[in-house]
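S.K.: pasted the sequence and its predicted model underneath.
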Amino acid sequence: MFLARVLMDAEYTCGGTNLVFSGSIPYIISAIVNIIKIVVPILLIVFGMIDLMKAVIASKEDEIKKGQQTFIKRIIAAVIVFFVIQLVQMIIRFVSNSDSNVINCFNCFVNGKDDNNACELAQVE
């Protein structure tokens, strides 16, 4: 939801802590995460098609098997990259003993949202 996005020119505190940071930091990090989630599957499809196309054009059994193995390795790598955020989130929950401040702070940076007290506008004095 675009209304819940962190404002880039504002200052925020993270998850009820005293950590003050610019809103551009979580915005940039969440943009990078979203780009990775979109680009990795697209690159997998493109490179997989290229590898298998080369193997079929060569029409050699060894080349086809090699292309299939390369494609499977790319799928595994893409799955690892795609789920690394969920893995990191799970580790943070485990290490933080479900401390809502830490989890909300992580959500602020990964999702770039200011809901659920993840990113709170810093009080200007």
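M.R.: That came in fine, so what should we check first?
S.K.: can you tell me how far the residue sitting nearest the centre point of the chain is from residue 42?
M.R.: For the chain, residue 33 is the residue whose C-alpha lies nearest the centre (CA atoms, centre = their mean; 3.1 Å). For residue 33, the distance to residue 42 (CB to CB, to the nearest Å) stands at 15 Å. The C-beta positions use only the backbone N, C-alpha and C, and glycine is treated the same way.
S.K.: which strand residues bridge the residue lying closest to residue 19 once chain neighbours are set aside?
M.R.: Once flanking residues are discounted, residue 19 sits nearest to residue 13: 6.2 Å by CB to CB, 6 or more residues apart in numbering. Beta-bridge pairing of residue 13 under DSSP bridges involves residue 20, residue 120.
S.K.: residue 13: neighbour count?
M.R.: Neighbour count for residue 13, taken as other CB atoms under 10 Å: 18.
S.K.: cool, residue 109 as well?
M.R.: 21.
S.K.: which residues touch it?
M.R.: Counting by CB atoms under 8 Å, 6 or more residues apart in numbering, residue 109 makes contact with 14, 25, 26, 29, 30.
S.K.: quick check on residue 96: phi, psi?
M.R.: Per-residue torsions, residue 96: phi -80, psi 0 (degrees, to the nearest 10).
S.K.: ok, how many other residues are close to it?
M.R.: Neighbours of residue 96 (other CB under 10 Å): 14.
S.K.: stretch 25-34: which residues count as buried?
M.R.: 25, 26, 27, 30, 33 (16 or more other CB atoms under 10 Å).
S.K.: so, low pLDDT: which residues of this structure?
M.R.: 1-9, 15-17, 98, 112-125 (pLDDT under 70).
S.K.: mind listing the strands for it?
M.R.: Using DSSP state E, the strands of the chain run over 11-14, 20-22, 119-121.
S.K.: check the offset of the longest one from the chain's centre.
M.R.: Read that as strand 11-14. Counting by CA atoms, centre = their mean, to the nearest Å, strand 11-14 is centred 21 Å from the centre of its parent chain.
S.K.: packing partners of it?
M.R.: The contact analysis (3 or more CB pairs under 8 Å, 6 or more residues apart in numbering; DSSP states H and E) places strand 11-14 against strand 20-22, helix 100-111, strand 119-121.
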